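Participant: build me a model:
(chains A and B)
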Number of protein chains: 2
Amino acid sequence: MVRVELADLQPDPAAFLGQLSYLTLVLFENLGRATILAPTAATKSRLSQVAADVLAVHEGVLAELKSRRLDPAEAMEPYRAALDEYQRRTRGADWQEAVLTSYLTAGFLLDFFEGLAAALPRPLAERIEQLLEEDAGEHLLVEELREAIESNPRLAARLAMWGRRLVGDTILVARSALVTGGALPDPARMEPAFTELVAAHTRRMDALGLTA
Amino acid sequence: MVRVELADLQPDPAAFLGQLSYLTLVLFENLGRATILAPTAATKSRLSQVAADVLAVHEGVLAELKSRRLDPAEAMEPYRAALDEYQRRTRGADWQEAVLTSYLTAGFLLDFFEGLAAALPRPLAERIEQLLEEDAGEHLLVEELREAIESNPRLAARLAMWGRRLVGDTILVARSALVTGGALPDPARMEPAFTELVAAHTRRMDALGLTA
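Facilitator: Predicted structure coming up:
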């Protein structure tokens, strides 16, 4: 559903790859930060495995840039300031919030880019869809968060609030990616796609027993 | 040389794998932190590739623990406090110091564990040596540091001082790994091995044009 609506937008491949490349770095940094903050060796180790999955996506995108003779640094640089600001706002106060950020923002934004990817020229579209298809360790993040909530039920209310705050900032990033990506969406036509993305976000919150 | 001297120590495999596993997490976290602090998309992306290499070593060690039916979390936990304290002390004040930490501490400690690995039972010894043989993106760290020093020559003095401070803390970690690893070294017999490790450290500093 998301895919069909976003697929009409025909993003510029260089802009698409540059943004996705920097976004995956930001997602990696979030996981790195969550790993640093995590209290036990077991949690650190599992979070690091999710970080490895996200890095594999980043490296896949870099390879696409290079095969088009685009300089990765130049392709990413235009998107750095806005994504760094997004990262700063969604950093979270402790490891549980940082893990929730990793889970929800990677879920939302990789879904979003997967939807956009359908409109890229073939065979780039297929390769990017394949790269984004994997859930990048999402189930490990869900397990960590469920355990954390079970062992401290008061955490649920705080994480629910944090999840609500995250979705607002994340929608803004997705919208601005459309504009800077060279797609000029008709806002009315975009609504169904965003409705789907938010519904998926609600399902991710549900999986933790949290109200979106 | 390092290898021969350390190979007499016969470390306990579980202790060896538990320590190496947590150490590689600490090295990953250092690279994650350096990536977060790095100022450009290009540097961030290259540091993240080194982080991926270190995570591959971590996952390789986890696989060895699991194949021996050892719980990775339990195996790592005894070494967490000391290595967290080491990490805290060697964090660095900015991205250049954090990258120097990643370069020098990974170089020293992975050499050290490679030396110890020779005394593990076969074929575990070969597999660990193979895992540690790769230089885990060392050349990328050298390039980043050289560029940083070239564009700001005053950085050299500060990084030289930081490198000297790092080696002291790093030697202490290696020595205490010997004791907690079940090896009971005769200090006099260990000296040649540490002399070699420090000589390799000096060569790493030389590669940056810094005085060790």
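Participant: tell me where chain A has helices.
Facilitator: Using DSSP state H, the helices of chain A run over A:2-6, A:13-37, A:41-67, A:72-76, A:80-89, A:95-117, A:124-133, A:138-151, A:155-180, A:187-207.
Participant: format the ones you listed as a markdown table; extra columns: distance to chain B.
Facilitator: In short, each C-beta sits where N, CA and C put it, glycine included. Listed next are those as a markdown table, based on distance: least, C-beta to the nearest C-beta, whole Å:
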| stretch | distance to chain B |
| --- | --- |
| helix A:2-6 | 25 |
| helix A:13-37 | 2 |
| helix A:41-67 | 3 |
| helix A:72-76 | 3 |
| helix A:80-89 | 5 |
| helix A:95-117 | 12 |
| helix A:124-133 | 15 |
| helix A:138-151 | 12 |
| helix A:155-180 | 15 |
| helix A:187-207 | 23 |
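Participant: a markdown table for those, including distance to B:Ala41, mean pLDDT and mean neighbour count?
Facilitator: Listed next are the helices of chain A as a markdown table, based on distance: least, C-beta to C-beta, whole Å; pLDDT from 0 to 100; neighbours: other C-beta atoms under 10 Å in any protein chain shown:
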| stretch | distance to B:Ala41 | mean pLDDT | mean neighbour count |
| --- | --- | --- | --- |
| helix A:2-6 | 25 | 58 | 19 |
| helix A:13-37 | 6 | 95 | 25 |
| helix A:41-67 | 11 | 95 | 21 |
| helix A:72-76 | 4 | 94 | 21 |
| helix A:80-89 | 5 | 94 | 16 |
| helix A:95-117 | 17 | 95 | 25 |
| helix A:124-133 | 19 | 93 | 17 |
| helix A:138-151 | 25 | 95 | 17 |
| helix A:155-180 | 15 | 91 | 17 |
| helix A:187-207 | 26 | 88 | 15 |
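Participant: export the ones you listed as CSV, with columns for distance to B:Gly60.
Facilitator: Below are the helices of chain A laid out as CSV (distance: least, C-beta to C-beta, whole Å):
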stretch, distance to B:Gly60
helix A:2-6, 37
helix A:13-37, 18
helix A:41-67, 12
helix A:72-76, 27
helix A:80-89, 30
helix A:95-117, 24
helix A:124-133, 24
helix A:138-151, 18
helix A:155-180, 33
helix A:187-207, 31
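Participant: which one of those lies nearest to B:Ala73?
Facilitator: Proximity to B:Ala73 (C-beta to C-beta) singles out helix A:41-67 among the helices of chain A, at 3.2 Å.
Participant: distance from the chain centre to the closest one, please.
Facilitator: 13 Å (C-alpha atoms, centre = their mean, to the nearest Å).
Participant: elements contacting it?
Facilitator: Using 3 or more C-beta pairs under 8 Å, 6 or more residues apart in numbering or on different chains; DSSP states H and E as the contact test, the elements touching helix A:41-67 are helix A:13-37, helix A:72-76, helix A:95-117, helix A:124-133, helix A:138-151, helix B:13-37, helix B:41-67, helix B:72-89.
Participant: in space, what's closest to the spatially most central residue of chain A - neighbours in sequence excluded?
Facilitator: The structure's chain A has its C-alpha centroid closest to A:Ala106; by C-alpha atoms, centre = their mean the separation is 2.4 Å. The shortest distance from A:Ala106 to any non-neighbouring residue, by C-beta to C-beta, 6 or more residues apart in numbering or on different chains, is to A:Leu27 (5.0 Å).
Participant: state the distance from the one you found to A:Leu104.
Facilitator: Noted for A:Leu27: a distance of 11 Å to A:Leu104, by C-beta to C-beta, to the nearest Å.
Participant: who's in contact with A:Leu159?
Facilitator: Contact partners of A:Leu159, counting by C-beta atoms under 8 Å, 6 or more residues apart in numbering or on different chains, are A:96-97, A:100, A:145, A:149, A:208, A:210.
Participant: can I get those in CSV with distance to B:Leu132?
Facilitator: Formatted as CSV, the contacts of A:Leu159 follow (distance: C-beta to C-beta, whole Å):
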residue, distance to B:Leu132
A:Gln96, 34
A:Glu97, 35
A:Leu100, 35
A:Leu145, 34
A:Ile149, 38
A:Leu208, 38
A:Leu210, 42
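Participant: and those, which is closest to A:Gly18?
Facilitator: Of all these, A:Leu100 has the smallest distance to A:Gly18: 27.2 Å, by C-beta to C-beta.
Participant: who touches that closest one in this structure?
Facilitator: Residues counted as contacts of A:Leu100 (C-beta under 8 Å, 6+ apart) are A:92, A:145, A:159, A:162-163, A:166, A:208.
Participant: turn the helices and strands packed on helix A:41-67 into a markdown table, columns for distance to A:Glu191.
Facilitator: Formatted as a markdown table, the helices and strands packed on helix A:41-67 follow (distance: least, C-beta to C-beta, whole Å):
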| stretch | distance to A:Glu191 |
| --- | --- |
| helix A:13-37 | 21 |
| helix A:72-76 | 29 |
| helix A:95-117 | 14 |
| helix A:124-133 | 23 |
| helix A:138-151 | 26 |
| helix B:13-37 | 35 |
| helix B:41-67 | 32 |
| helix B:72-89 | 45 |
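Participant: closest to A:Ala177 out of the ones you listed?
Facilitator: For these, the distance to A:Ala177 is smallest for helix A:13-37, at 5.5 Å, taking C-beta to C-beta.
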